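[1] predicted model follows, preceded by the sequence.
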Amino acid sequence: MTSERDIIIPGAPTTAPVSVGEPTAPHDPLPPKPDQQGPEAVSPTGSPTGAPETSRAQSGAHLTTAQGLRLSDTDHSLKAGRRGPVLLQDHHLREKITHFDHERIPERVVHARGAGAHGTFRSYGTAENITRAGFLARDVETPVFVRFSTVLGSRGSADTVRDTRGFATKFYTDEGTFDLVGNNIPVFFIQDGIKFPDIVHAAKPHPDREIPQAQSAHDTFWDFVSLHTEAQAHTMWNMSDRGLPRSYRTMEGFGVHTFRLVNAEGATSLIKFHWKPKQGVHSLVWEEAQLINGMDPDFHRRDLADAIEAGAFPQWELGVQVFPDTEEEFFEGIDLLDPTKFVPEELAPVQPIGLMTLTANPVNFFAETEQVAFHPGHLVPGIDVTNDPLLQVRLFSYIDTQISRLGGPNFGQLPINRPQAPVNDALRDGMHQTAVHGGVAPYHPNSLDGGCPFLAGADVGAFVEVPEELAAAVKERKSPASFDDHYSQARLFFRSLTPVEQDHVIQAYTFELGKCYEQSIRERQLAALANIDAGLCAAVAAGLGLPAPAATAEVPDAAPSPALSQVGGTWPVAGRVVGIIADEGSDLDLVRAARTALDDAGIVPLVIAPAGGMLGEEGKAIPVQRTYVTARSTEFDAVLIAGSGAPAKDAEQGRDAKAGEPGAALDPRVVLMLSEMFRHGKAIGGCGDALTCLDAASIPQDAAGIARGDRAEDIVAQLTGLLAAHRAWERFPATGA
């Protein structure tokens, strides 16, 4: 008999045992796995070289530059003091980032899969006291283009994977282009931009098999974040429901970094940018997200485009948290230069400063959404950067990336990237130059072109960096001591969630770590969770079948931040989707009334019938948008039962595997839809005999989130109220940590 130990389970990521602790004894690179074989070693012209296959792989035991120079540190960029700016002389940083920026062409290395839309931003004028930026003056309207994206997946990956989302906004101001390049999570994985290639390499698919795609549930990701514990705050957000947004329209956005604003008098403030969706922050549940990835991998981009086409224009308020610009750059004990930290809204309320409305879809996805190029260094007068070491590296990396991805230095001349302000840059030539520059003196100063272009002063809108005095410091690869706190904010976030949301976090960690092959990595991550919350650690450890370790660090407690929870509020319902299950035997007057009432509320009604075509008599017939074959619960925010649910003619497994066994009283696909809707906490409505469909799905008619009535208008009113809360949260009996 073969014992369990003798069974070889495929999927091991490496050829050697993996230790819990970071390996420190130098040794040569590990050999390839037995199932791996590279191409023959031949010359560029096809002649055999006789060299072994491994001659083209990396060699030596120590980390080096591309020129073979051994390195003592690759985690800290070279700065003018631990809190000072990053130095241009950092040759290792520049080589590492430059090589990373050019790893893919033409697809983005990260944020490859995205969706975009055009719109406008109208300023409230409430920021006039803290910034002289012209587009933030009262009632100024500015055209914008927004690109939403996932971070890890390729262009062909699915939308509803568990991942961080990008939220990048290009403001075409009359003072030049301003790019606010952020995420749907306010903290980042790393504190110093020199590690950005490392975290992306760790999170991307394994380089040998190119799997898993668009997900972090694998060994290399958890290997990295369990060794770089500064990532724990970000992973906590990602393991929460924030990693599974319901749509781009219900997704919060954050500038991540701390910026410096300058007002007309020259006074400065430190701020953090926030985008608040007018429809509230809503998320998917895990099973729902998994089903969507198979049923409709374009779910988010379709939702965005359909909402705009339907006139349910997505809106976000731009807000700022404002902090005094003090020498230490701290607020309530939180280091504002640490990109792994956020400031709870209870300590610094978000002050609304304008409203963005997306009103138009792109004409051409490639020309607009794919070619749009963002850069944190695209600033306007009144907005400046800080010495956040991640932001400092992004200022170099983004423009370098665009040069590679878009074929040269003139990417700003692509229609989607063109500034909507006069440009006289004294830049010339280069690949894809589409301007025809006049004059003979593209330099400053000059006399041959009459001195043009002239330098501007602050009085005519010039950008002037905020003068910043730098303290005497030592040039070194170090971070300030305040960056050493890696657990307190992860604890704050987890303990601010409701019990049902905490259950989702436990589920996510258990799933992700359960997908890791190496038990050592699971144990190492459990050790980090023990420092965050003992209950969380114990619950995840139980799911993994491992003992829960004890905490190894003393972590301060902080008051919970209710603003971090997605449960408990009510929000507008415009743009939501409700399915109406109907058939030829339905009360079609009720169906018509329901469609009208839903449409009046700004909700999209989709009729689901046994077959396509029309329901009812000619002239009064109702169009069918979905059939039992094409519909699945994941497309709908709620469903209204207005039919018998009797089996359709194609309710045969040979035609549709979801159809189940023959002879059922109800179509098994209707039962499946209702069962999924109920499991996912979605609203279900109906009247009279139609509600007997719930019995077949083992759903109590008096359960939470069930709307009942005799008139369509009454049922729709109840459904609308339930939709405002997003889900019937009472259906989730939370166990908590």
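    Thanks, I have the structure now.
[2] just for the stretch 101-250 of the chain, where's the confidence low?
    Along the stretch 101-250 of the chain, segments meeting pLDDT under 70 span 104-105.
[3] and with 50 instead?
    Applying pLDDT under 50 to the stretch 101-250 of the chain flags no residue at all.
[4] so which bits of stretch 689-706 are buried?
    690-691, 693-694, 696-697, 699, 705-706 (16 or more other C-beta atoms under 10 Å). No exception for glycine: its C-beta is placed from N, CA and C like everyone else's.
[5] low-scoring stretches of the stretch 251-400 of the chain, by residue?
    By pLDDT under 50, the stretch 251-400 of the chain has no low-scoring segment.
[6] thinking Leu674 is in contact with Leu640, fair?
    No - contact between Leu674 and Leu640 fails when scored by C-beta atoms under 8 Å: they sit 11.4 Å apart.
[7] more crowded one of the two?
    Neighbours per residue, other C-beta atoms under 10 Å: of Leu674 and Leu640, the larger number sits with Leu640, 31 against 25.
[8] which SS class is that one?
    Put simply, Leu640 is strand when judged by DSSP: H, G, I helix; E, B strand; the rest coil.
[9] distance of it from Pro106?
    According to C-beta to C-beta, to the nearest Å, Leu640 stands 46 Å off from Pro106.
[10] one more: Ala541?
    In this view, Ala541 and Pro106 are 44 Å apart by C-beta to C-beta.
[11] so those two - more neighbours on which side?
    Set Ala541 next to Pro106 and count neighbours by other C-beta under 10 Å: Ala541 wins out with 21 against 13.
[12] quick one on the thing from earlier: any residues in contact with both of Leu674 and Leu640?
    Common contact partners of Leu674 and Leu640 (C-beta atoms under 8 Å, 6 or more residues apart in numbering): Ile684.
[13] now do the contacts for the residue nearest to Gln566 when sequence neighbours are not counted.
    Once flanking residues are discounted, Gln566 sits nearest to Val281: 5.1 Å by C-beta to C-beta, 6 or more residues apart in numbering. By C-beta under 8 Å, 6+ apart, the residues touching Val281 are 242, 245, 250-252, 566.
[14] which one of the residues you listed is nearest to Glu713?
    Closest to Glu713 out of those is Thr250 (26.2 Å), distances taken as C-beta to C-beta.
[15] what about the closest one, neighbour count?
    By the criterion of other C-beta under 10 Å, Thr250 has 21 neighbours.
[16] nearest residue to it other than its sequence neighbours?
    The shortest distance from Thr250 to any non-neighbouring residue, by C-beta to C-beta, 6+ apart, is to His282 (4.0 Å).
[17] report the contact partners of that neighbour.
    Residues counted as contacts of His282 (C-beta under 8 Å, 6+ apart) are 245-247, 250, 566, 571, 726.
[18] now Val591
    The contact partners of Val591, taken as C-beta under 8 Å, 6+ apart, are 580, 582, 607, 615, 622, 642, 712.
[19] tell me which of those residues fall in helices.
    Among those, the members falling in helices (DSSP state H) are Ala712.
[20] can you list the contacts of Val591 in JSON lines and add neighbour count, pLDDT and distance to Gly193?
    Formatted as JSON lines, those follow (neighbours: other C-beta atoms under 10 Å; pLDDT from 0 to 100; distance: C-beta to C-beta, whole Å):
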{"residue": "Ile580", "neighbour count": "29", "pLDDT": "96", "distance to Gly193": "51"}
{"residue": "Ala582", "neighbour count": "28", "pLDDT": "95", "distance to Gly193": "56"}
{"residue": "Val607", "neighbour count": "24", "pLDDT": "94", "distance to Gly193": "52"}
{"residue": "Leu615", "neighbour count": "22", "pLDDT": "93", "distance to Gly193": "58"}
{"residue": "Ile622", "neighbour count": "17", "pLDDT": "93", "distance to Gly193": "57"}
{"residue": "Ala642", "neighbour count": "26", "pLDDT": "94", "distance to Gly193": "56"}
{"residue": "Ala712", "neighbour count": "24", "pLDDT": "92", "distance to Gly193": "56"}
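[21] in terms of helices and strands, where is the closest residue to Leu691 other than its chain neighbours?
    Leaving aside its chain neighbours, Leu691 sits nearest to Gln701 (5.5 Å; criterion: C-beta to C-beta, 6+ apart). Counting by DSSP states H and E, no helix or strand carries Gln701.
[22] all helices for the stretch 601-737 of the chain, in order.
    668-679, 692-696, 712-724 (DSSP state H, counting those that start in this stretch).
[23] repeat for the stretch 201-350 of the chain
    With DSSP H, counting those that start in this stretch as the criterion, the stretch 201-350 of the chain has helices at 219-227, 232-239, 286-295, 299-309.
[24] which residue sits closest to Ala728, ignoring its sequence neighbours?
    In space, Ala728 comes closest to Gly705 once its chain neighbours are excluded; the distance is 2.7 Å by C-beta to C-beta, 6+ apart.
[25] that neighbour is in contact with Ala683, isn't it?
    Yes - in this structure, Gly705 is within contact of Ala683 by C-beta under 8 Å, at 5.0 Å.
[26] what touches both of these two?
    722, 728.
[27] what ranges do the helices span in the stretch 1-150 of the chain?
    With DSSP H, counting those that start in this stretch as the criterion, the stretch 1-150 of the chain has helices at 91-101.
[28] so what's the nearest residue to Asn238 once chain neighbours are set aside up against?
    Using C-beta to C-beta, 6+ apart and skipping the chain neighbours, the partner closest in space to Asn238 is Thr164 (6.0 Å). Going by C-beta under 8 Å, 6+ apart, Thr164 touches 150-151, 183-185, 234, 238, 243.
[29] can you show me the strands along the stretch 101-250 of the chain?
    Under the criterion DSSP state E, counting those that start in this stretch, the stretch 101-250 of the chain carries strands at the ranges 114-123, 141-150, 165-173, 176-183.
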